[in-house]
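no FASTA, just this:
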């Protein structure tokens, strides 16, 4: 049933695959019985694996595991491990905290990040003037851009900009999305902007039965942001992207 032998993708519902699954189940039951005889007790089986991996997860002491690994038919005994969910630890993944040493510029001070995406959430704490670490942004350009610029023809007082979020432009209204300006219409632009330069924020994920709290930030949490809305309705039109660039 292996694709390397058949030249086809595996079909776990096919007759051959079902027959092989039954064969594996019998082999595993025999192996489990051998383990229990060797240990002189019944073993708790937490999971059995027959498709992506051939084996099972059982509860053993370290001494018992050392005995089991020597049994005929056992190829590998591996201790269970625990991975952390780290989707909000992007900076740590790439080692950003190792250069956050307090020296000027190590957290993006004075840098302006231009984000071409689906717009931005103007009310997000990720783009507030003061972050959760107490850092208060200044505008390194000394002026605002796009809908944030009172002297611009596209200025719109409906959008509240800050010394963190110093500009926003819209290139897609009346083409692919309602006339909502550079406000984010699906969250993707805010996600990418906060990944790059989001403030330090004490964030809360509210689930039906649990609230998960954690400190999150972008890779350069003290950088400033200008957002360019070139994507609407989940699509990014090439002409809008070129205009944004």
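Structure received. Values in this document were obtained by computation on a predicted structure and should not be read as measured data.

Pretty sure residue 38 sits in a helix.
Yes: counting by DSSP: H, G, I helix; E, B strand; the rest coil, residue 38 falls inside a helix.

show me where pLDDT drops low in this structure?
Scanning the chain for pLDDT under 70 picks out 82-89, 173-179.

can you pull out the strands in it?
Taking DSSP state E, the strands of the chain run over residues 45-49, 55-58, 112-117, 145-146, 165-170, 201-206, 211-216, 224-229, 231-232, 235-236.

Out of these, flag the one nearest residue 80.
Residue 80 lies closest, by C-beta to C-beta, to one member of the strands of the chain: strand 55-58, at 7.0 Å. C-beta here means a position set from N, CA and C on the backbone, and glycine is covered the same way.

Okay, buried residues for that closest one please.
By 16 or more other C-beta atoms under 10 Å, the buried positions in strand 55-58 come out as 55-56, 58.

Let's have these in JSON lines, adding distance to residue 70.
JSON lines is the format used below for the buried residues of strand 55-58 (distance: C-beta to C-beta, whole Å):
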{"residue": "55", "distance to residue 70": "16"}
{"residue": "56", "distance to residue 70": "18"}
{"residue": "58", "distance to residue 70": "15"}
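
Relative to residue 98, which of these is nearest.
Nearest to residue 98 among these, with distances taken as C-beta to C-beta, is residue 55, at 37.8 Å.

Spit out the contact partners of the closest one.
Residues near residue 55 by C-beta atoms under 8 Å, 6 or more residues apart in numbering: 28, 48-49, 76.

how far away is it from residue 156?
For residue 55, the distance to residue 156 equals 61 Å [C-beta to C-beta, to the nearest Å].

And residue 231, by the same measure?
From residue 231 over to residue 156 the distance is 19 Å, taken as C-beta to C-beta.

So which of these two has more stuff around it?
Set side by side, residue 231 and residue 156 show more neighbours around residue 231, with 25 against 16, by other C-beta atoms under 10 Å.

partners of that one in the sheet?
residue 236 (DSSP bridges).

For the remainder of this discussion, apply numbering that starts at 2.
Sounds good: first residue 2 from here, last item residue 232.

So it sits against residue 241, correct?
Yes: Residue 232 lies in contact with residue 241 (C-beta atoms under 8 Å); the separation is 7.3 Å.

Find residues that contact each of those two.
Residues touching both residue 232 and residue 241 by C-beta under 8 Å, 6+ apart: residue 173.

Now for the spatially closest residue to residue 219 that is not a sequence neighbour: which residues touch it?
Nearest non-adjacent residue to residue 219, counting by C-beta to C-beta, 6 or more residues apart in numbering: residue 199, 3.7 Å away. Listed by C-beta under 8 Å, 6+ apart, the contact partners of residue 199 are 125, 127-128, 217-219, 222.

Would you reformat the residues you listed as a markdown table and include neighbour count and distance to residue 166?
As requested, those are exported to a markdown table (neighbours: other C-beta atoms under 10 Å; distance: C-beta to C-beta, whole Å):
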| residue | neighbour count | distance to residue 166 |
| --- | --- | --- |
| 125 | 17 | 9 |
| 127 | 27 | 9 |
| 128 | 28 | 4 |
| 217 | 21 | 17 |
| 218 | 27 | 15 |
| 219 | 27 | 13 |
| 222 | 27 | 13 |
